[in-house]
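1. Attaching a predicted model along with its sequence, questions to come.
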Amino acid sequence: MNRFVRPSKYRHVFGTGSKRDFCYDNVRVSNNAWDSNMIKVNPLFVSMNWQASGGGAFAVIPLSTVGKLPDNYPLYHGHTASVLDTDFNPFNDYVIASGAEDSKVMIWTIPEQYDEELVEVNPVLKLSGHGRKVGHVLFHPTASNVLASSSTDLTIKLWDIEKGQEKQDITGHTEIIQSMSFNYNGSLMATTCRDKRLRIFDLRSNKIVQEGAGHQGIKGSRVVWLGDSDRLATTGFSRMSDRQLNLWDTADLSKPVKTTFIDTSSGVIMPFYDNDNNILYLAGKGDRTISYYEFESDELYHLSDYRDAEAQKGVAFMPKRALNVSDCEIARAYKLTTNMIEPISFKVPRKSDAFQSDIYPPAIGDEPALSADDWFAGKNANPLTIDLSVGYEVKEKQEFAPTVKAEEDVNESAAVSSPKNEKDVSHCHIS
């Protein structure tokens, strides 16, 4: 046994769950079996896939609305089948995208506050083009209004949501796409697929620049790009159904740099990477723990585990810019259980009240580095960063005004939607 302890400022990071009064209670989680994170968060709101009759819906809850939600909480209705994934625009906190089983991608603007009589919110833009259900949506990390969507039609589409246009169709998968992750500047994308292959795409040329055999188990696999490095981490299962964590060199996917056995549980592991602190968080579906590892010199060192009594159905992490730096908070997870969302704060224990610059390098901000036109024309840029020592203020609401209007395809929705059991509700259009 090695008696020397590896020096690390994150060795004593600890997670703390919130008291029930500071959680979001009485939520109705979608029981759809599709594998997505089911929950997303930004500095103002948390969104989650909602179990609703008469088509698909999701909820967007202001972070200030803690406690028990009312039974008639306003929902985002518009999809005619279950909502499978949502994602917030990183450069406009009041814009969210959704993908659903009805093969549509929809863009929504979030009202600054919900009026008492508001029953549901309608989309400002509907994007059609996928032939089958849309399983994941993901905004570009540096270019404004660029959205990626993956579908069981085996394609990934890139959209300019301001113009309402499909700009690129990514092909090359032979089975259902299980996860996708942009690199640091958004020029490349890594994907995992049910065909057990790990791929890296040059998005604008639709070329596979690297490909290799991923996890060989039949259950779900996930990938995350390790920040501004040239490494990937994937989670998945071995042939014997052991859960694994693999580290990859993006220049050579012929074999992993390192494979780590985790355990023999059955839940898909959701990976999240904090580039500022080089910490990889792993949250297994159905697990009661969140494990975290420090990435250094091609090694993933296990730091600790956060343990809870409730199993998680999904997890999301808050962008670094909105954390509480005065408490040395380096991450905040939002954990979705059967009927509640619980914030979990990860902190570095420090005695000083001064700003800890060693654990808070410049963080990714909320301004885009490129326009959509510039990015699709071939330009690249790293994310713009902000200094957290001066504090972060959430921007005032910017109106999102797409140049095309949402189409109301009455015939299609009548053909696809199931009968509503609930009484008819008045449609309140929010733009």
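-> That came in fine, so what should we check first?
2. State the distance from residue 9 to residue 237.
-> As for residue 9, its distance to residue 237 is 33 Å (criterion: Cβ to Cβ, to the nearest Å). Bear in mind the C-beta positions are built from the backbone N, C-alpha and C, glycine included.
3. and the two? which has more neighbours close in?
-> Using other Cβ atoms under 10 Å as the criterion, residue 9 and residue 237 rank with residue 237 on top: 23 against 14.
4. what's the nearest residue to the more buried one if we skip its chain neighbours?
-> Of all residues not flanking residue 237 in the chain, residue 217 sits nearest, at 2.6 Å (Cβ to Cβ, 6 or more residues apart in numbering).
5. got the contact list for the one you found?
-> Contacts for residue 217 were tallied using Cβ atoms under 8 Å, 6 or more residues apart in numbering; they are 236, 237, 238, 239, 240, 241, 242, 244.
6. Tell me if the fifth one really is in a strand.
-> No - according to DSSP: H, G, I helix; E, B strand; the rest coil, the state of residue 240 is coil, so it is not within a strand.
7. coming back round to it: any idea of the pLDDT on the residue nearest to residue 237?
-> Each residue has a pLDDT score; the one for residue 217 is 92.
8. Now do the SS call for it.
-> Once three-state DSSP is applied, residue 217 turns out coil.
9. Count the neighbours of the nearest residue to residue 103 once chain neighbours are set aside for me.
-> In space, residue 103 comes closest to residue 130 once its chain neighbours are excluded; the distance is 4.7 Å by Cβ to Cβ, 6+ apart. The criterion is other Cβ under 10 Å. On that basis, residue 130 has 23 neighbouring residues.
10. Is residue 86 within a helix or a strand, and which one?
-> According to DSSP states H and E, residue 86 maps onto strand 83-88.
11. Dump the C-alpha coordinates for that strand into CSV.
-> Coordinates of each C-alpha in strand 83-88 appear next as CSV, following Å, rounded to 0.1, in the frame of the first residue of the first chain:
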residue,chain,number,x,y,z
VAL,A,83,-40.6,15.2,-24.6
LEU,A,84,-37.2,13.3,-24.4
ASP,A,85,-34.7,16.1,-23.8
THR,A,86,-34.3,19.8,-23.2
ASP,A,87,-31.4,22.3,-23.2
PHE,A,88,-31.0,25.9,-22.3
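12. So for it, mean pLDDT?
-> Averaging pLDDT residue by residue across strand 83-88 gives 96.
13. change the start of the numbering to 29 and stick with it
-> Understood, numbering begins at 29; the last thing we discussed is strand 111-116.
14. List the pairing partners of it within its sheet, with orientation.
-> According to DSSP bridges, strand 111-116 forms sheet pairs with strand 123-128 (antiparallel).
15. Let me know the next secondary structure element after the strand it pairs with.
-> Once strand 123-128 ends, the next helix or strand along the chain (criterion: DSSP H and E) is strand 133-137.
16. Pairing partners for that following strand, with directions?
-> Strand pairing for strand 133-137, determined by DSSP bridges: strand 123-128 (antiparallel), strand 153-155 (antiparallel).
17. could I get these as a markdown table with mean neighbour count, mean pLDDT and distance to residue 370?
-> Conversion of the strands paired with strand 133-137 to a markdown table gives the following (neighbours: other Cβ atoms under 10 Å; pLDDT from 0 to 100; distance: least, Cβ to Cβ, whole Å):
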| stretch | mean neighbour count | mean pLDDT | distance to residue 370 |
| --- | --- | --- | --- |
| strand 123-128 | 27 | 96 | 21 |
| strand 153-155 | 24 | 94 | 32 |
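18. for the strand holding residue 114, the distance to its chain's centre please.
-> On the basis of Cα atoms, centre = their mean, to the nearest Å, the separation between the geometric centre of strand 111-116 and that of its chain is 8 Å.
19. Touching that strand from outside, list them.
-> Counting by Cβ under 8 Å, 6+ apart, the neighbours of strand 111-116 from elsewhere in the structure are 58, 60, 62, 64-66, 68-70, 73, 75-78, 84-86, 104, 123-129, 161-167, 175.
20. Equivalent analysis for stretch 411-420, please.
-> By Cβ under 8 Å, 6+ apart, the list of residues contacting stretch 411-420 from outside reads 71, 169-170, 212-213, 348-351, 353, 383, 385, 388, 390-397.
21. which among those end up buried?
-> Neighbour counting over those (16 or more other Cβ atoms under 10 Å) leaves 71, 169-170, 212-213, 348-351, 353, 383, 388, 391-394, 396-397 as the buried ones.
22. Which of those residues fall within strands?
-> In this view, the buried ones among the contacts of stretch 411-420 that belong to strands under DSSP state E are 391, 392.
23. now, which of the buried ones among the contacts of stretch 411-420 lie within helices?
-> Residues from the buried ones among the contacts of stretch 411-420 lying in helices, with DSSP state H as the criterion: none.
24. What residues sit buried inside stretch 138-157?
-> Taking 16+ other Cβ under 10 Å as the basis for neighbour counts, the residues of stretch 138-157 that come out buried are 138-139, 142, 146-155, 157.
25. for the chain, which spans come out with low pLDDT?
-> Scanning the chain with the threshold set as pLDDT under 70 gives 29-33, 433-459.
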